[in-house]
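In: The following comprises the amino acid sequence and a computationally predicted model.
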Amino acid sequence: MKKAFSVIIVMLAFVVTASAQRYSLNKHNFDVHMYIPEYGDAYNPTISGLCSFFVPGMGQMFCGETGRGLAFLGGFIGCSLLTVAGANVISANLGYNGYDYNGNRNAGVAPMLIGMGGMVFVSIWSIVDAVQVAKVNNMYYRSLRRTSSIKVEMSPYVEQLSINNQVTTPVGLSMRLKF
């Protein structure tokens, strides 16, 4: 069991390190406010936001930022556990007349409210961040296409040649490459 868990952790760490650096480096090079959707964008910001709305961090994972998405998901789960722990303290320690057995009123309310506030904060932050990650990654891929592309132009070739009073018409295809 420990071996399988270790292998899963190592594989997850490899996936996180293999894909997590793109957004963290490119967010300084591209302005999110300058984003204009184009046909052929790799990631749809609306779909990323919706994914993070239903599962915090899923939009980041959809955009290839697995480590970032797992961090948001972990934060949401941690806040959920804090909320559940506060609710358990409230329900377990309540005695007669709304006081706990030690005479403290409202024991467990603070952790529950902090956890609920954290869940809302992480959810909203995850949605906004997923949209920004999608936009920045799209702008990065656009710049890659513009800078490292090969343009191929092909056109038909038809011409009449006169050699020794004989007219021939060679037909072919010409190709032009631009780097």
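Out: Noted; the coordinates are in hand.
In: that's a helix at residue 157, yeah?
Out: No. Residue 157 is assigned strand when assessed by DSSP: H, G, I helix; E, B strand; the rest coil, not a helix.
In: Name the residues linked to it by a beta bridge.
Out: residue 172 (DSSP bridges).
In: doesn't residue 171 make contact with it?
Out: Yes. Residue 157 sits in contact with residue 171 when judged by Cβ atoms under 8 Å, with a separation of 6.9 Å. Backbone N, C-alpha and C define where each C-beta goes, glycine included.
In: Please say which of the two ends up with more neighbours.
Out: With neighbours defined as other Cβ atoms under 10 Å, residue 157 and residue 171 compare such that residue 157 has more, 11 against 8.
In: That one and residue 164, how far apart?
Out: For residue 157, the distance to residue 164 under the criterion Cβ to Cβ, to the nearest Å works out to 22 Å.
In: Toward the C-terminus from the helix or strand of the chain with the lowest mean pLDDT, list the very next helix or strand.
Out: When the helices and strands of the chain are compared on mean pLDDT, DSSP states H and E, helix 2-19 comes out lowest with a mean of 56. Toward the C-terminus, helix 2-19 is succeeded by helix 21-26 as the next helix or strand (DSSP states H and E).
In: what's that next one in contact with?
Out: Identification of contacts with helix 21-26 by Cβ atoms under 8 Å, 6 or more residues apart in numbering yields 63, 64, 65, 68, 133, 136, 137, 139, 140.
In: Confirm the fifth one sits in a helix?
Out: To tie it back to what came earlier, the one meant is residue 133. Yes. With three-state DSSP as the criterion, residue 133 is located in a helix.
In: can you list the weak-confidence ranges in the chain?
Out: 1-21, 92-106, 147-149, 179 (pLDDT under 70).
In: tell me the centre residue of it?
Out: Against the mean C-alpha coordinate of the chain, by Cα atoms, centre = their mean, the closest residue is residue 60 at 2.3 Å.
In: Tell me the spatial nearest neighbour of that residue, not counting adjacent residues.
Out: On the basis of Cβ to Cβ, 6 or more residues apart in numbering, the spatially nearest residue to residue 60 that is not a chain neighbour turns out to be residue 69, at 3.5 Å.
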